[in-house]
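Engineer: when you get a sec, could you give me coordinates for this:
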Amino acid sequence: MSIGKEFKEFAMRGNVVDMAVGIIIGAAFGKIISSFVTDVLMPPLGMVIGGTDFTSFKIMLSEPVISGGKVVSPGASINYGNFIQVTVDFLIIAFAIFIMVKMMNRFMKKNDVPVAPPAPPEPSKEELLLTEIRDLLKKN
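Structural biologist: Predicted coordinates for the structure are as follows:
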C-alpha cells in the first residue's frame, strides 16, 4: 500500500476529522474569549483599580537607549500586566469549556439506555459431560 493511500485512510477516519473540527472551533472560541477579556472585561476592571490598562503594568529592568532622538535599543522589562491578562483569558476559557463539557455529559447521560448484560452461553455437550465426570470423581 502506498504512503499516499495510507495517509488518506488515516486522515479520513472519523475521529481524526472530528478532532480537526474541534481544534478549529476551539481556536475560534479562544479568539472570542480573548476579545471578551481584552475589550469587555479588563477595561472596567482597569477603571476600578485606577483607570490603568493591565497591559501597561511592567517592571523596567533597563531603560531604553536613545541616541539622536531615535531608540537604539528598547529597554528590557517584565510585562506582568500581559501575564495577568493572559491568565484571566485562560481561566475564562477553561471555565467555559468545563461548563460546555458538563452540559454535554448531562445530555449524553439522558440519551443512554441501560443495556442488560448478555446471558451467559449455554455449556456445550462436551462441557456438560466433563462436568458430570468431575462430579462423579469427587464422589469416589
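Engineer: C-alpha from now on. contacts and neighbour counts both.
Structural biologist: Will do.
Engineer: list the buried residues in the lengthiest helix in the chain.
Structural biologist: Longest helix in the chain by number of residues, with DSSP state H as the criterion: helix 80-111. Under the neighbour-count criterion of 16 or more other C-alpha atoms under 10 Å, helix 80-111 has 81-82, 85-86, 88-90, 92-93 buried.
Engineer: give me the mean pLDDT for the helix or strand that comes right after it.
Structural biologist: Sequence order places helix 125-139 as the next helix or strand after helix 80-111, per DSSP states H and E. Mean pLDDT, helix 125-139: 91.
Engineer: show residues contacting helix 125-139.
Structural biologist: Helix 125-139 is contacted by no other residue when judged by C-alpha atoms under 8 Å, 6 or more residues apart in numbering.
Engineer: hmm, try it at 10 Å
Structural biologist: Identification of contacts with helix 125-139 by C-alpha atoms under 10 Å, 6 or more residues apart in numbering yields 122-124.
Engineer: swap in stretch 68-88?
Structural biologist: Stretch 68-88 has contacts (C-alpha under 10 Å, 6+ apart) with 33-34, 37-38, 41-42, 53-67, 89-90, 92-94.
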